[in-house]
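Undergrad: Build me a model from this:
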Amino acid sequence: YHEYTFVTMENVSLAANLSDCFLVQHITGSTPFLLFYLTIIVIAIPSNTFSLYVSWQHIRQKNELGVFLFNLALCDLTFTLGLTLWVDFLWRGVWIHGSHLCVICVRFVYTNFYMSEALLCCIAVNRYLAVVHPLKCVKFRKVGTAVAVSVAIWVLVLCFSTATIKWGDSYNEDITFSLCFDVFLPMTESQICGNLTRFFVGFVAPVAVVLFTTWGTCVAVNTNQATKEQERKRISKLLALVLFSLVLCFGPLHVLMLVRTFLSDCSSFQWLLHPYRISIAMSSLNCLADPLLYCFVTRTGQANVSQHYTWKNERVSLYHDQTSSGRCTCIFWG
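TA: Numbering: from 1, shown residues only. A predicted model of the protein is given here:
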């Protein structure tokens, strides 16, 4: 990454306009963040691709949960592919792709964040309805309903990101260098409103929904004598991991976003910049947490993973048996 020194013009009020504060760039090593994002890309692309396969199996089985899983994996996969531009930015030290693509990328990043949060909420609510109100809410737990909800979420989140992500949040350019996403300048009133909206609507509200549904589901599971102990642990573990993923991946970023909202002088930004960059890196872990949560923790996901690798082992074993017996045939073409 880069280290920035914030210089203030003397005898001029910072609140007057954004030109009172300047970013002076000092290039330092970017290796840690560069390696971090490259590692995420290498792991996230195959894991989320496999998550698409697993979630498609859910959908084929008429499981509405698969629709949310599919959208979650698709969202994470496209976000991971978009990280390549961010890696290019870290490698070069400047943003060379222009202001329009920068703003689009930043809005896309936050779209991924809030899509993930919304879909995690949908999964938590789905489990809540299935456990607490299994008979009353059957019509809401159908594949068609899940598709309609997913489409509505995409539209709402895209509109939300477009409305709350401003040009000044995303891009800064002068004659020496250009920055994308690392713009730390005093905020305008509209930017402050956008940050507050993102904090409460984009973080507090989803966490509150997941907290409520997790509590309600755990109470219902623990009081239902018909529920097996293994099933209770599985449901509780799944919902706890959903909540943990939300808080760990998105909590630090939104808390620092709120802190930044109330800072008005450049000297205060110096200590906030590096924690802010770390919080952004933590939020990108979400694209690794989602396939771990829903493809390798849920019972159906585990079954699909086991079935996939069992099928592969059986084919390999059959191939070796036929080869050793001198009856090698083109079994992989069948």
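Undergrad: Going by C-alpha atoms from here, please, whenever you check contacts or count neighbours.
TA: Noted.
Undergrad: so what's the closest residue in space to Ala240 that isn't next to it in sequence up against?
TA: Distances taken as CA to CA, 6 or more residues apart in numbering put Thr214 closest to Ala240, at 7.3 Å, once the chain neighbours are dropped. By CA atoms under 8 Å, 6 or more residues apart in numbering, the residues touching Thr214 are Ala124, Tyr128, Ser236, Leu239, Ala240.
Undergrad: tell me the two of those residues that are most distant?
TA: Tyr128 and Ala240 (12.9 Å; CA to CA).
Undergrad: Compare neighbour counts for those two and give me the winner.
TA: Neighbours were counted for Tyr128 and for Ala240 using other CA atoms under 10 Å; Tyr128 has more, 24 against 18.
Undergrad: quick one, strands of the stretch 51-200 of the chain?
TA: 171-173, 178-180 (DSSP state E, counting those that start in this stretch).
Undergrad: if you average pLDDT over each of those, which comes out lowest?
TA: Among those, strand 171-173 carries the lowest mean pLDDT, at a mean of 58.
Undergrad: Tell me the buried residues in the helix or strand harbouring Phe33?
TA: Per DSSP states H and E, Phe33 falls inside helix 31-60. Of the residues in helix 31-60, 33-34, 37-38, 40-41, 44-45, 47-59 count as buried by neighbour count, 16 or more other CA atoms under 10 Å.
Undergrad: What is the neighbour count of the residue lying closest to Ala220 once chain neighbours are set aside?
TA: Closest residue in space to Ala220, ignoring its immediate chain neighbours: Val132 at 5.9 Å, by CA to CA, 6+ apart. Val132 is flanked by 18 other residues according to other CA under 10 Å.
Undergrad: Hmm, Val132 is touching Asn222, no?
TA: No: using CA atoms under 8 Å, Val132 is not in contact with Asn222; the gap is 11.2 Å.
Undergrad: Would you mind measuring from the closest residue to Thr162 other than its chain neighbours to Val147?
TA: With CA to CA, 6+ apart as the criterion, Thr162 has its nearest non-adjacent residue at 6.5 Å, and that residue is Arg107. Distance from Arg107 to Val147, counting by CA to CA, to the nearest Å: 23 Å.
Undergrad: Could you find the closest non-adjacent residue to Thr80?
TA: Ile41 (5.8 Å).
Undergrad: pLDDT score assigned to Ser74?
TA: For the record, residue 74 is Leu, not Ser. For Leu74, the model assigns a pLDDT of 91.
Undergrad: residues contacting it?
TA: Contacts of Leu74 by CA under 8 Å, 6+ apart are Asn48, Leu52.
Undergrad: Next one: it from Ser47, what distance?
TA: For Leu74 relative to Ser47 (CA to CA), the value is 11 Å.
Undergrad: And Arg107 and Val147? Which one has more around it.
TA: Arg107 (23 against 16).
Undergrad: my hunch is that Ser264 is in a helix, does that hold up?
TA: No: checked against DSSP: H, G, I helix; E, B strand; the rest coil, Ser264 lies outside a helix; its state is coil.
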